[in-house]
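> fold the following, please.
(chains A, B, C and D)
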Protein chains: 2
Amino acid sequence: MRKQDITIYDVAREAKVSMATVSRVVNGNTNVRKDTKDRVMEVIKRLHYQPNAVAQGLASKRTTTVGLIVPDLTNLYFAELSKGIDDIALLYKYNIIITSIENQLMKEDQAIQGLLNKQVDGVIYMADNLPNEAAEAFKRTDTPVVLAGTKDRHKEFPSVSIDYQKADTEAFNLFYNDGRKNLALVLDNPDTFVNAENRIPAYKNFLKKNNLGPEHIYTNIKDHSDGYNLFSQLQDDHIDGVLVTRDVAAVGILNSAIDAGKNIPKDMEIVTASATQIASVVRPAITAVRQPLYDIGAVAMRMLTKLMSNEEVANMQIELPYELLKKQSTSNE
Amino acid sequence: MRKQDITIYDVAREAKVSMATVSRVVNGNTNVRKDTKDRVMEVIKRLHYQPNAVAQGLASKRTTTVGLIVPDLTNLYFAELSKGIDDIALLYKYNIIITSIENQLMKEDQAIQGLLNKQVDGVIYMADNLPNEAAEAFKRTDTPVVLAGTKDRHKEFPSVSIDYQKADTEAFNLFYNDGRKNLALVLDNPDTFVNAENRIPAYKNFLKKNNLGPEHIYTNIKDHSDGYNLFSQLQDDHIDGVLVTRDVAAVGILNSAIDAGKNIPKDMEIVTASATQIASVVRPAITAVRQPLYDIGAVAMRMLTKLMSNEEVANMQIELPYELLKKQSTSNE
DNA sequence: CTGAAAGCGCTAACAC
DNA sequence: GTGTTAGCGCTTTCAG
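Purely as a prediction, here's the structure:
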């Protein structure tokens, strides 16, 4: 194994110091005289010495690695969150171990345990739901956790997200002000905390408050074809304004409407509750609650760095501002 | 640190065996009598023992971790490749450390070195280019590498991809058969091996062979707005058939054309050389060279598992079949 | 089939 | 400032 060729010991011998001293200069410890430091540095350079991070991790109990738990890499929602996380991680010199849990082979708590076994210094959890077993797994450890782009029911864990209830209400208001009275809510997974406790209540409250009805909640609409197939149902139910959690599903509805010769937004207004690149690239572009996904990821990672170094974190439940970005899928007057 | 509570030593003491024996049952070594094995297992379960992967890594020199080098997580091209990699990695119980190199802060060779320091057992490289320093970094080590969705100039490294030159030629042929004579090639980075040595030659050869001209190669067209802004130029140059490397850029061209009141495909045919979800979700849908991205990732990862366990790999330069998927952005007759 | 013991490469007291 | 010396938690010969 060439890759393991030279160790801290080789450097020490070559520079005629102890390995402790080499360790000190490698770790930027100031208690080293300038000329010995220079000498060691020279040897390090000459021998192309690179510290073995695994050995460092075992000895120091810090791996400078954080774990990421993400449902689906090909969902741009998570990809954009991840990008914010990644940039801040780079800044603070953390590596990222990514664990995707979309396939049922890997359950949330297994994913967590796997990461913990790797001795990650912290983890960022992005799945839209936090099952009890997963929460328990986190609570068994001292490894800090931050939820990004989601929240947990009991506010047990630090999180970075937006005010989903408020955002959705704003979207319904937009429909209402455009004269739409037969509103629908299209969800991916109805059982997540965010959907069950934020989006559905926002919808029900809005209907009640404005004397609208009946309720139309469609569930398990996750991808383009789900949305595409749902459209005829929406038509049968005379929906004229629909809020869709996933933008790719919203695009499915949109395309189905177009293919059926309907006019969007005239026949039906569409808003998505989480916009990625896709929402803005289709025509008509889809009005969206623009969540600051990159920032959510970045803030979550920054919070995690603080937690990992035992710094004070004033606010453990951060809500970032969002924006209701009006595009062509709602009337523009 | 609760997370470090119980070690192999605790299990050994509790089960009244040596740690060597515990290690054997943890690692599925057969040389353990059934009843001692059962006893150890029982203790492991009762104590919730979880092996420390870092210590395992240091002692065994295998971390069951592979590194992924990827330019941009939010580019669906890489996300879809990653998904294939991830699924196979899960199957073979490898974790994934992901390193994104899009920001100039992290250069290719630094990314590689960082991964090597973490003692990854192998790496998959997905960047569209392999600079010399990066190739050197790989060659200094015994850690196996596989290129996924790209190739290197000198075929020094195992790779999984498609025949780009053949695919592009097919696309140009499609234009030609539709009567289009003023063809253009729209590239992201013109200096990558794939672009410089496969796509550009394919284009030039096609023009020459069919007595077409002049050449129209547009470069550095990477995202939607690049494509959007390019359209007027394409018009000025009377382009009637354009092959675009990135599908999101192709969508930009498409949207710009629509906004300008043009008809696609009548006024201009558009084909993208690498299709993600985005190409099929816009209207008109974009005709595309459908690369089997998931499969490329999966095959690359599978190849890497073989390399990591020193198995024979018959073919180090794999080219998977692609498909020219005709949609609405080319005439359908 | 099982145990003893020597590391893996590095960090972190603790001395001097 | 610098060296000595224990480990970190596990794997892996080598005996028996």
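> how much space between the closest residue to residue A:164 other than its chain neighbours and residue A:170?
Nearest residue to residue A:164, sequence neighbours excluded (Cβ to Cβ, 6 or more residues apart in numbering or on different chains): residue A:198, at 4.0 Å. The C-beta positions use only the backbone N, C-alpha and C, and glycine is treated the same way. Using Cβ to Cβ, to the nearest Å, one gets 13 Å for the distance from residue A:198 to residue A:170.
> neighbour count for these two, which is higher?
More crowded of residue A:198 and residue A:170, by other Cβ atoms under 10 Å in any protein chain shown: residue A:198, with 20 against 16.
> which SS state does that one fall under?
helix (DSSP: H, G, I helix; E, B strand; the rest coil).
> need the contact list for it.
Each residue near residue A:198 by Cβ atoms under 8 Å, 6 or more residues apart in numbering or on different chains is listed here: A:164-165, A:168.
> inside helices: which ones of these?
A:164-165, A:168 (DSSP state H).
> what ranges does chain A have for its strands?
Secondary structure of chain A by DSSP state E: the strands cover A:65-70, A:95-100, A:122-125, A:145-148, A:159-161, A:183-186, A:217-218, A:241-244, A:269-272, A:287-290, A:317-319, A:323-325.
> can you give me the offset of the last one from its chain's centre?
Read that as strand A:323-325. 19 Å (Cα atoms, centre = their mean, to the nearest Å).
> which positions in it come out as buried?
The neighbour-count check on strand A:323-325 (16 or more other Cβ atoms under 10 Å in any protein chain shown) flags residue A:325 as buried.
> do that strand and chain B meet?
No: using Cβ under 8 Å from any Cβ of the partner chain, strand A:323-325 stays clear of chain B, coming no nearer than 15.6 Å.
> and that strand, what does it pack onto?
The helices and strands touching strand A:323-325, judged by 3 or more Cβ pairs under 8 Å, 6 or more residues apart in numbering or on different chains; DSSP states H and E, are helix A:164-177, strand A:287-290.
> redo that, cut-off 6 Å
strand A:287-290 (3 or more Cβ pairs under 6 Å, 6 or more residues apart in numbering or on different chains; DSSP states H and E).
> parallel or antiparallel, which strands does the strand it packs on pair with?
strand A:269-272 (parallel), strand A:323-325 (antiparallel) (DSSP bridges).
> list the buried residues for it?
For strand A:287-290, burial by neighbour count (16+ other Cβ under 10 Å) applies to A:287-290.
> again with stretch A:142-151
The neighbour-count check on stretch A:142-151 (16+ other Cβ under 10 Å) flags A:143-151 as buried.
> ok, stretch A:194-207 next?
So, applying 16+ other Cβ under 10 Å, buried residues of stretch A:194-207: A:194-195, A:198-200, A:202-203, A:206-207.
> can I get the buried residues of stretch A:142-151 in TSV with pLDDT and distance to residue A:24?
TSV is the format used below for those (pLDDT from 0 to 100; distance: Cβ to Cβ, whole Å):
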residue	pLDDT	distance to residue A:24
A:143	95	28
A:144	96	28
A:145	97	33
A:146	98	32
A:147	97	38
A:148	98	36
A:149	96	41
A:150	94	42
A:151	92	44
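> quick one: which of those is nearest to DNA strand D?
Nearest to DNA strand D out of the buried residues of stretch A:142-151 is residue A:143 (Cβ to the nearest atom of the strand; 13.9 Å).
> lovely, talk soon.
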